[in-house]
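[1] A predicted structure for the sequence below; I have some questions about it.
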Amino acid sequence: MLLYISSPAFVGRTFVVSCQKSDTVARLKANIYHILYEMGRSTHQFRLRFKNQYLKDVSTIADYGIQDSHVIKMIPLSKKSYTSDPLQASASSLNSRLSEDSLQVMLQKEVNTLKLRERLCVDMQVCVWILFVFGVITYVTAYWWAAFYKCAFAIMALYITPKYTRLSGFYLRMAERNDIRILALSIISGLLCLSNILTLYFLHEKECPYLTSPFQCNRTVNFSVPVYLIETFVFGGVAVFAAILWRNFTFNIGNYIEPVLVEEKDIKYIFISAKSSSTKERRTAALDLANMAASSDDNKYALVTAGGLQVLIDLALEEDVGIRGYAIEALSELLTIKAIQNQFVDIGGVYTLLLALRTEDEHVVKESILALCQLVQDNDDVMQKIIGENGMDDLCHVVNNCSLELIRLVAGIFLDVSFSETLRTELLRHKKYLPSFKKMILIYDSGVQQLALQTLEMVTINESHMLLLHPELIDSFLKAIITSSDLHVKTLASKLLLYFLEVDEMVKDVLEHPSFMDALVSMVHFASDNVSQAITARILSHAAANNRDLLADREFVDLVRTVQVHAVDQEAWMLTDKILLMKQQ
């Protein structure tokens, strides 16, 4: 696919780069460096940005959702150091210079490799044309019939030999499978070289077996010997050129530059930059740390061993959104390793992540939630810290103010907390959390609804009185039953509603709700499995037992009969039959 690269440093000019979705950002940058090399600007330092997000060198193009013909911005990096500390300035300058020198060496190496490819392609074409000319001349030699296969080989070689220039690349017809074609050409040319050597041997042994000099043979033989000898050298040359070219074709732009861009940088210098007084220096350091953390597990351990957790926590508390974003990205990557999680919790990292949830930038919030998701899995200590640091308030803030994607992540965290015996009651202890649960229950996303209802179910199974403290949820359950088209959501909401119907003090609130009958109709029409039918039958039974007037309601009786006719569960059939007997009495 083709990508368009624009930069404020090159006004009026847009670079076009061809790449694959699986290519890393570092390889994309390598292509750009080759373009800058032709402009004499190979030392130009830059970062790439797409949709207000800086691209990490170790990530792939597909990771950022970049599609064909998208425009990527190239943001120049300032080479000036803004720090007032001479030690920090010199360290940062040294680190930058070493990285830039390595990049320039690798860039020159790639350019030389491509120049070699261009020269080999031209030399091979010259050799093949020489073969074609001598193939025609072979027609007047001792073995005239060899002219046919030699000319055929030359014509085939002219077609196979790629036409390549470093600036334009391959011609379209030779753009694919060059390595296989050239390898085949090298092998065939080597065999023909061997064939010519055997031909010279047969000329000497058969045509002039008793003569000490080949020039004492007839004119045809004397003419054939130098022709075959030249052909032998040219065939050998084509075989060697093709073999070298085949090896050269294993190289692609970025093979040398990419490792330099994603290599492990000196952590010491990055840490010094992270403590610089310059915002740009700290932002670059945070990006470097995020790249290192994402590159390998070895780099993760190296960062933590060198004290990187505290450095990243400090960066995550910065006011600059870019610095916070990169720092939390790095922390999120580090926390994928279980051994690092405990150390992070011990130094108070949970508070940092919770604080980031109040940031207006959704990318920062998302990375913080992802990090929290890593921590809360089977870790009661982290859950306790979340509750203790008023983390429930921060998570509810996300539910009330952020996008659906982030709400879904928070709903997953709530469900994890509900599995903790000691902490699940905290979810419903305070009424201030109810608006968040109501929003998740009524949101138009069945995934979020299921997570929210499962959370409440887990709390209610063990502490049913906690749910009964909040009759305000009755309205949400009824509306979820009516509006949702997901049977699982309806079943979960019906289960929770049943808890209120089983308590005498709460029955009236449910039965007198204006949406109760509509919810009942929706439950009956969607109940298709034994679980949903059994729950529906129980609700009908409780409703009939507590409000005898419903037995005279034709719509209610029709609903009971519908459940009984379609019942696949014995309990559902027996309960509906009992209701109908009550009507007859």
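    That came in fine, so what should we check first? Numbering: from 1, shown residues only.

[2] show me the helices in the stretch 101-250 of the chain, by range?
    Secondary structure of the stretch 101-250 of the chain (DSSP state H, counting those that start in this stretch): helices at 146-160, 178-202, 219-248.

[3] quick one, the first one and helix 219-248 angle?
    Put simply, helix 146-160 runs at 20 degrees to helix 219-248, going by axes from the mean of the first three to the mean of the last three C-alpha atoms, to 10 degrees.

[4] same question, the second one
    Using the same axes, to 10 degrees, the interaxial angle of helix 178-202 with respect to helix 219-248 works out to 150 degrees.

[5] what residues does helix 178-202 touch?
    143, 146, 150, 153, 157, 160-162, 170, 174, 225, 228-229, 231-232, 235-236, 238-240, 242-243, 245-246, 249-250 (C-beta atoms under 8 Å, 6 or more residues apart in numbering). From N, CA and C alone the C-beta is placed, and that goes for glycine too.

[6] and what of the shortest one?
    Contacts to helix 146-160, defined as C-beta under 8 Å, 6+ apart, come from residues 124-125, 128-129, 131-132, 134-139, 141, 181-182, 184-185, 188-189, 192, 199, 231, 238.

[7] what subset of the residues you listed is buried?
    By neighbour count, with 16 or more other C-beta atoms under 10 Å, the contacts of helix 146-160 hold 124-125, 128, 131-132, 134-135, 137-138, 141, 181-182, 185, 188-189, 192, 199, 231, 238 as buried.

[8] hang on, the earlier thing: mean pLDDT and distance to residue 434 added to the helices of the stretch 101-250 of the chain, as JSON lines?
    JSON lines is the format used below for the helices of the stretch 101-250 of the chain (pLDDT from 0 to 100; distance: least, C-beta to C-beta, whole Å):
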{"stretch": "helix 146-160", "mean pLDDT": "86", "distance to residue 434": "74"}
{"stretch": "helix 178-202", "mean pLDDT": "84", "distance to residue 434": "65"}
{"stretch": "helix 219-248", "mean pLDDT": "85", "distance to residue 434": "68"}
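
[9] if you count neighbours, what's buried in stretch 137-150?
    In terms of neighbour count (16+ other C-beta under 10 Å), stretch 137-150 has its buried residues at 137-138, 141-142, 146-147, 150.

[10] and that stretch, C-alpha only, in CSV?
    The C-alpha trace of stretch 137-150 is given here as CSV (Å, rounded to 0.1, in the frame of the first residue of the first chain):
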residue,chain,number,x,y,z
ILE,A,137,28.0,-16.8,-34.0
THR,A,138,27.9,-20.4,-32.7
TYR,A,139,25.8,-21.3,-35.8
VAL,A,140,29.0,-21.3,-37.9
THR,A,141,31.1,-23.3,-35.5
ALA,A,142,31.7,-27.0,-35.3
TYR,A,143,28.6,-27.7,-33.2
TRP,A,144,26.2,-25.4,-35.1
TRP,A,145,23.1,-26.8,-33.5
ALA,A,146,24.2,-25.5,-30.0
ALA,A,147,23.3,-22.0,-31.4
PHE,A,148,19.6,-22.7,-30.8
TYR,A,149,19.7,-23.5,-27.1
LYS,A,150,22.3,-20.8,-26.4
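
[11] which residues are in contact with residue 538?
    By C-beta under 8 Å, 6+ apart, the contact list for residue 538 reads 498, 501, 575.

[12] pLDDT on whichever strand or helix holds it, on average?
    Per DSSP states H and E: residue 538 is located in helix 530-546. For helix 530-546, mean pLDDT rounds to 87.

[13] ditto for stretch 130-140
    Per-residue scores along stretch 130-140 average to 86.

[14] which residues does it contact?
    Stretch 130-140 is contacted from outside by 144, 146-147, 150-151, 153-155, 157-158, 220, 223, 227, 230-231, 234-235, 238, using C-beta under 8 Å, 6+ apart.

[15] compare the contacts of residue 538 and tell me which is most surrounded.
    residue 575 (24 neighbours; other C-beta atoms under 10 Å).

[16] hmm, residue 536 and it touching each other?
    No. The criterion here is C-beta atoms under 8 Å, and residue 575 misses it with residue 536 at 9.2 Å.

[17] would you mind giving the buried residues of stretch 137-150 as CSV with distance to residue 315 added?
    Below are those laid out as CSV (distance: C-beta to C-beta, whole Å):
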residue, distance to residue 315
137, 75
138, 74
141, 79
142, 82
146, 74
147, 75
150, 70
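
[18] just name the closest of those to residue 525, please.
    Comparing the buried residues of stretch 137-150 against residue 525 with C-beta to C-beta places residue 150 closest, at 83.3 Å.

[19] distance of the closest one relative to residue 410?
    Here the criterion is C-beta to C-beta, to the nearest Å. By it, residue 150 lies 75 Å from residue 410.

[20] go on, residue 574?
    41 Å.

[21] the more surrounded of these two?
    Ranked by neighbour count (other C-beta under 10 Å), residue 574 and residue 410 place residue 410 first, with 26 against 13.

[22] in the stretch 351-500 of the chain, where is pLDDT below threshold?
    The stretch 351-500 of the chain contains residues with pLDDT under 70 at 378, 389.

[23] before we move on, back to that, of all the buried residues of stretch 137-150, which two lie farthest apart?
    The most distant members of the buried residues of stretch 137-150, if one measures by C-beta to C-beta, are 142 and 150, lying 13.8 Å apart.

[24] does residue 527 touch residue 567 like I think?
    No. Under the criterion of C-beta under 8 Å, residue 527 makes no contact with residue 567, lying 9.1 Å away.

[25] now do the shared contacts for those two.
    Here residue 527 and residue 567 have residue 533 as joint contacts, going by C-beta under 8 Å, 6+ apart.

[26] more neighbours, the two?
    residue 527 (26 against 21).

[27] please report the distance of the more buried one from residue 558.
    When residue 527 is compared with residue 558 (using C-beta to C-beta), they lie 14 Å apart.

[28] give me the residues contacting the helix or strand hosting residue 560.
    Using DSSP H and E, residue 560 maps to helix 554-565. When contacts are defined by C-beta under 8 Å, 6+ apart, helix 554-565 is touched by residues 517, 520-521, 524-525, 527, 533, 536-537, 540, 543-544, 550-551, 572-573, 576-577, 579-580, 583.

[29] go on, stretch 393-413?
    Under the criterion C-beta under 8 Å, 6+ apart, residues 354-355, 357-358, 362, 365-366, 369-370, 372-373, 376, 386, 414, 432-433, 435-436, 439-440, 443, 445, 447-448, 451-452, 455 lie in contact with stretch 393-413.

[30] show me just the buried residues among the residues you listed.
    Using 16+ other C-beta under 10 Å as the burial test, the contacts of stretch 393-413 include 354-355, 357, 365-366, 369-370, 372-373, 376, 386, 414, 433, 436, 439-440, 443, 445, 448, 451-452, 455 as buried.

[31] which of the residues you listed fall in helices?
    Members of the buried ones among the contacts of stretch 393-413 lying in helices (criterion: DSSP state H): 354-355, 365-366, 369-370, 372-373, 376, 386, 414, 436, 439-440, 448, 451-452, 455.

[32] in this protein, which residue is most central in space?
    residue 63 (3.3 Å; C-alpha atoms, centre = their mean).

[33] what's the spacing between residue 429 and residue 392?
    From residue 429 to residue 392 the distance is 9 Å (C-beta to C-beta).

[34] more neighbours, those two?
    Summary of the neighbour comparison: residue 429 and residue 392, criterion other C-beta under 10 Å, with residue 392 having more neighbours (22 against 15).
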